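Novice: Build me a structure from this.
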Amino acid sequence: MTKSFPTLVLCAALAAGCTTTTRSRSFYGDPVPPTVSLPTRAWRAAPEGLESVTVGWVVQFDPAEGEREGYWSVRNAWHQELGMVDALGRAWRFEPHVEEARLVGAGTVAEGVGSILESAAGVTLLEVPMDQLRQGADGS
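Specialist: Numbers count the residues shown, from 1 in each chain. From the prediction side, this is the model:
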């Protein structure tokens, strides 16, 4: 009987040490409603001096309701969004697998588009009707 008492005390102590308490808390807080902005104007980006070549697209988004500033979305020739130029002229490039965009320059919208598209020669922006942008680069 004396040998089983220490074993019983040890088992009771181990069982008491296995109790866990879990607390959970939302990291993000209250959900934020999405901001909806509609495109208002679009441009085809071409290398300076080569207006027949399309290296990208620029879409202007006016401020959404409750927002103060719009922005320009910069896309490659296949309409994949690569970055944006904000209302202060700062150009931000989105990097794959990176949460934060990288600041690549500041200046005019055309300079920002050139920085995002990595065009050393600079770009010329040629306005296109919104219908052409919706149809795609080849008009189909």
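
Novice: Low-confidence bits of this structure, can you list those?
Specialist: 1-3, 5-6, 8-29, 32, 35, 64, 66-67, 134-140 (pLDDT under 70).

Novice: and the longest strand for it?
Specialist: strand 39-47 (DSSP state E).

Novice: This structure: helices as residue ranges?
Specialist: 4-17, 109-116, 130-135 (DSSP state H).

Novice: which residues touch the closest residue in space to Ala46 that isn't next to it in sequence?
Specialist: Excluding its sequence neighbours, the residue lying closest to Ala46 (C-beta to C-beta, 6 or more residues apart in numbering) is Thr124, at 5.1 Å. (Glycine included, C-beta is placed from N, CA and C.) Listed by C-beta atoms under 8 Å, 6 or more residues apart in numbering, the contact set of Thr124 reads 45-48, 51, 110.

Novice: Farthest-apart pair in the residues you listed, please.
Specialist: By the measure C-beta to C-beta, Glu51 and Ala110 form the most distant pair in the contacts of Thr124, at 13.4 Å.

Novice: Please compare the two by neighbour count and tell me which comes out ahead.
Specialist: Ala110 (18 against 11; other C-beta atoms under 10 Å).

Novice: bridging residues for Leu126?
Specialist: Here Leu126 sits in beta bridges with Arg44, as judged by DSSP bridges.

Novice: Can you give me the neighbour number for Gln132?
Specialist: Other residues close to Gln132 by other C-beta under 10 Å number 14.
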